[in-house]
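Engineer: Sequence and predicted structure, then a few things I'm wondering about:
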Amino acid sequence: MLSAEGIRGMADFDLAIVGGGINGVGIARDAAGRGFRVLLVEQGDLASGTSSTSTKLIHGGLRYLEHGWLRLVREALTEREIVLRMAPHLVRPMRFVLPQEPGMRPVWLLRLGLFVYDHLGGCKLLPATRTIDLSRDALGKPLKGRYRYGFEYSDCQADDSRLVVLNAVDAAERGAVIRTRTRCVRAERAAEWRLVLDVRGRRDVASARVLVNAAGPWVGIFNETVVQQPPPAQLRLVQGSHIVVRRLFDHDRGYIFQTDDGRVVFALPFEQDFTLVGTTDRAFTGDPARAAPAADEVAYLCGIVNDHFRTTISAADVIWSFAGVRSLYDDGSKKPQDTPRDYVLALDEVEGEAPLLSVYGGKITTYRMLAEAALDELAPTLGVRPAWTRQSHLPGGDFDVDGIETLVHETRASWPFLSESHARRLVRSYGTRVARILGTAKSLDDIGPVLAADLSGAEVRYLMAREWAQTEDDVLWRRSKLGLRVSRAERDRLGKFMVDAIGSAALR
């Protein structure tokens, strides 16, 4: 990776992108793959904002059908299969159980909606909906006894933060310059953009023909304070919170529940031993970096669990909670959950000056399509070069959609000292690039030391060298979810290891 010194004096990028979330890295990857010169700067770690605080789904958005957002659902369902093929190690098919709630949407309406959902995007990889008798089926056993009928349909679960990181890895391998912990503090507009960057207190300068504001919930703040102009579109910030508790059921399906307030809430298997419950929707004001689940949001999600499952929980059972702020284009909807999740690309052009493209909204599912649309929007300035990502693979994802088990078996055969769970986690994180971490190792000692759970020194060194990891949180929460299993002492040991590794690298 480029050193901090390597950025000094850079000029003549085709486009500079502010924001290291899914939209920013998606645009960077697409542009770099087309041969454009790309700079991406992120004030924190990759995916340190909204893109690591999602419900972890690649989905069409079943509830969006009720709002009549057919185009959004169709596009998302199409992209669901494209992203699944791109990253079968990070994205996995999941079946979802939708109980028919007495007194709410009738069975015929749910059946109709799911029929449309199955066919709207031309589904080819995932099985269709089936009706289930929850009073007899094992999938009904964890639920309250009031349920008789339900439906099981298909969508996908994803590792959202690793999806961001691997897009950045691919962008860098195609020539993009990725700078984390770098803040754009001034943007001067003329025939090209002159950007002043703060890199740990030192000022550097870069220039670009186009500036892309993909700062997520900071998109308005960046335009007002750095570009020094009002945001060109209405912005609505919406907070969504999630909780993680011990496993509420033993199978691999997820649940989607209708609620009294007209929303839906998911309960999903998560990291083998846990259940992820979310999300909420509430208006947000303030600094997005300070977003955190409020006590009433945690109580709300616990109440959803208690209303639908036989197992009851309270706030004391919450092992981890997180909140993200989504930047949505405000169409005037009264309720936050009714605000469209579609994206808006606002292009600001002034004759004789370099253009500014601001990205509003969007879903992780449709990030690839958003990136293509952004490059199309900028084509008059940058030129037209062929789109390429539709048939591509993310790093480590060059294997069949149903090839995970084969890859786990091959990994254990090549490195027999790995446990089944260790091999599976590595394959789910790195796919066919596991060998870049394990190399010629013959034992655990060869990849040691073991720092926390099954996290090895070799893996941490790889994450620092190839995936921009600099802190314990980068490793434990955004490059993995091992933070759920790590003690304070193990975290401290990891931190010391990383500091020592940085010091050793500086001496070389």
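Structural biologist: Nice, I can see it. Just so it is clear, the model here is predicted, and its values are computed rather than measured.
Engineer: Count the residues that sit near residue 350.
Structural biologist: A count of nearby residues for residue 350, using other Cβ atoms under 10 Å, gives 9. Yep, even glycine has a C-beta here, placed from its N, CA and C like the rest.
Engineer: ok, now the one 10 residues further on?
Structural biologist: Other residues lying near residue 360 total 25 when counted by other Cβ under 10 Å.
Engineer: biggest helix in this structure, by residue count?
Structural biologist: Scanning the chain for the helix with the most residues, using DSSP state H, yields helix 488-507.
Engineer: Go through that helix and flag the buried ones.
Structural biologist: 490-491, 493-494, 497-498 (16 or more other Cβ atoms under 10 Å).
Engineer: got the residue ranges for the helices in the stretch 151-300 of the chain?
Structural biologist: Along the stretch 151-300 of the chain, counting by DSSP state H, counting those that start in this stretch, helices occupy 160-173, 219-225, 295-308.
Engineer: Including distance to residue 48, could these go into JSON lines?
Structural biologist: Compiled in JSON lines, these are given as follows (distance: least, Cβ to Cβ, whole Å):
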{"stretch": "helix 160-173", "distance to residue 48": "9"}
{"stretch": "helix 219-225", "distance to residue 48": "15"}
{"stretch": "helix 295-308", "distance to residue 48": "21"}
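Engineer: among those helices, which is the most enclosed?
Structural biologist: Each of those was scored by mean neighbour count; the highest is helix 160-173, a mean of 25, by mean count of other Cβ atoms under 10 Å.
Engineer: on that earlier part again, and of the helices of the stretch 151-300 of the chain, who's closest to residue 243?
Structural biologist: helix 295-308 (5.0 Å; Cβ to Cβ).
Engineer: After that closest one, which helix or strand is next?
Structural biologist: strand 320-329 (DSSP states H and E).
Engineer: could you turn that following strand into CSV, dropping everything but the C-alphas?
Structural biologist: Provided in CSV are the C-alpha atoms of strand 320-329 (Å, rounded to 0.1, in the frame of the first residue of the first chain):
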residue,chain,number,x,y,z
TRP,A,320,-23.5,-6.2,21.1
SER,A,321,-25.5,-3.4,19.7
PHE,A,322,-24.8,-0.9,16.9
ALA,A,323,-26.4,1.9,14.9
GLY,A,324,-25.9,3.3,11.5
VAL,A,325,-27.1,6.5,9.9
ARG,A,326,-28.4,6.3,6.3
SER,A,327,-28.4,9.4,4.1
LEU,A,328,-31.6,9.3,2.1
TYR,A,329,-33.1,11.6,-0.5
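Engineer: Mind listing the strands that strand pairs with, and their directions?
Structural biologist: Strand 320-329 pairs in its sheet with strand 235-246 (antiparallel), by DSSP bridges.
Engineer: what sits against the residue of the chain positioned farthest from its centre?
Structural biologist: Residue farthest from the centre of the chain, counting by Cα atoms, centre = their mean, is residue 352 at 36.8 Å. With contacts defined as Cβ atoms under 8 Å, 6 or more residues apart in numbering, residue 352 is in contact with residue 191.
Engineer: start at 352 instead
Structural biologist: Taking 352 as the first residue, the last one we looked at is residue 703.
Engineer: how would you label it: helix, strand or coil?
Structural biologist: coil (DSSP: H, G, I helix; E, B strand; the rest coil).
Engineer: returning to what we had before: out of the helices of the stretch 502-651 of the chain, nearest to residue 800?
Structural biologist: Here helix 511-524 is closest among the helices of the stretch 502-651 of the chain (Cβ to Cβ), at 23.5 Å.
Engineer: Can you add mean pLDDT and distance to residue 745 and give the helices of the stretch 502-651 of the chain back as TSV?
Structural biologist: TSV is the format used below for those (pLDDT from 0 to 100; distance: least, Cβ to Cβ, whole Å):
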stretch	mean pLDDT	distance to residue 745
helix 511-524	98	5
helix 570-576	93	25
helix 646-659	97	31
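Engineer: burial of residue 592, as a residue count?
Structural biologist: Neighbourhood size, residue 592 [other Cβ under 10 Å]: 24.
Engineer: Same check on residue 530?
Structural biologist: Neighbours around residue 530, by other Cβ under 10 Å: 24.
Engineer: list the contacts for the closest residue to residue 537 other than its chain neighbours?
Structural biologist: Distances taken as Cβ to Cβ, 6 or more residues apart in numbering place residue 547 nearest to residue 537, at 3.9 Å, with adjacent residues excluded. For residue 547, the contacting residues are 535-539, 554-556, by Cβ under 8 Å, 6+ apart.
Engineer: 10 Å - rerun?
Structural biologist: 534-539, 554-557, 577 (Cβ atoms under 10 Å, 6 or more residues apart in numbering).
Engineer: pLDDT below threshold where in the stretch 702-851 of the chain?
Structural biologist: Applying pLDDT under 70 to the stretch 702-851 of the chain flags no residue at all.
Engineer: how does it look with 90?
Structural biologist: Within the stretch 702-851 of the chain, the segments meeting pLDDT under 90 span 712-714, 799.
Engineer: and residue 631, how many neighbours does it have?
Structural biologist: The burial count for residue 631: 23, using other Cβ under 10 Å.
Engineer: who's in contact with it?
Structural biologist: Counting by Cβ under 10 Å, 6+ apart, residue 631 has contacts 589-594, 614, 616, 644-645, 647-649, 651-652, 655, 674, 687-688.
Engineer: Against residue 801, how distant is it?
Structural biologist: 37 Å (Cβ to Cβ, to the nearest Å).
Engineer: which ones are touching the residue most central in space within the chain?
Structural biologist: Nearest residue to the geometric centre of the chain (Cα atoms, centre = their mean): residue 511, 2.7 Å. Applying Cβ under 10 Å, 6+ apart, we find residue 511 in contact with 372-373, 398, 401-409, 441-442, 675, 715, 829.
Engineer: still on that earlier bit, specify which member of the buried residues of helix 839-858 is nearest to residue 393.
Structural biologist: residue 849 (18.9 Å).
Engineer: how close does that closest one sit to residue 821?
Structural biologist: 7 Å.
Engineer: list the residues that contact both of those two?
Structural biologist: Joint contacts of residue 849 and residue 821 (Cβ under 10 Å, 6+ apart) are 814-815.
Engineer: how many neighbours does the residue lying closest to residue 629 once chain neighbours are set aside have?
Structural biologist: If the residues on either side of it in the chain are set aside, residue 629 comes closest to residue 593, at 3.2 Å by Cβ to Cβ, 6+ apart. Number of residues near residue 593 (other Cβ under 10 Å) recorded here: 27.
Engineer: Which strand residues bridge residue 593?
Structural biologist: Here residue 593, judged by DSSP bridges, has bridge partners residue 629, residue 673.
Engineer: Can you check the pLDDT for it?
Structural biologist: pLDDT for residue 593: 98.
Engineer: ditto for the one 3 residues further on
Structural biologist: According to the per-residue confidence, residue 596 scores 98 in pLDDT.
Engineer: Is it in contact with residue 620, as I believe?
Structural biologist: No: Residue 596 is beyond contact range of residue 620, at 11.8 Å (criterion: Cβ atoms under 10 Å).
Engineer: Please enumerate the shared neighbours of the two.
Structural biologist: The overlap between the contact sets of residue 596 and residue 620 (Cβ under 10 Å, 6+ apart) consists of 626-627.
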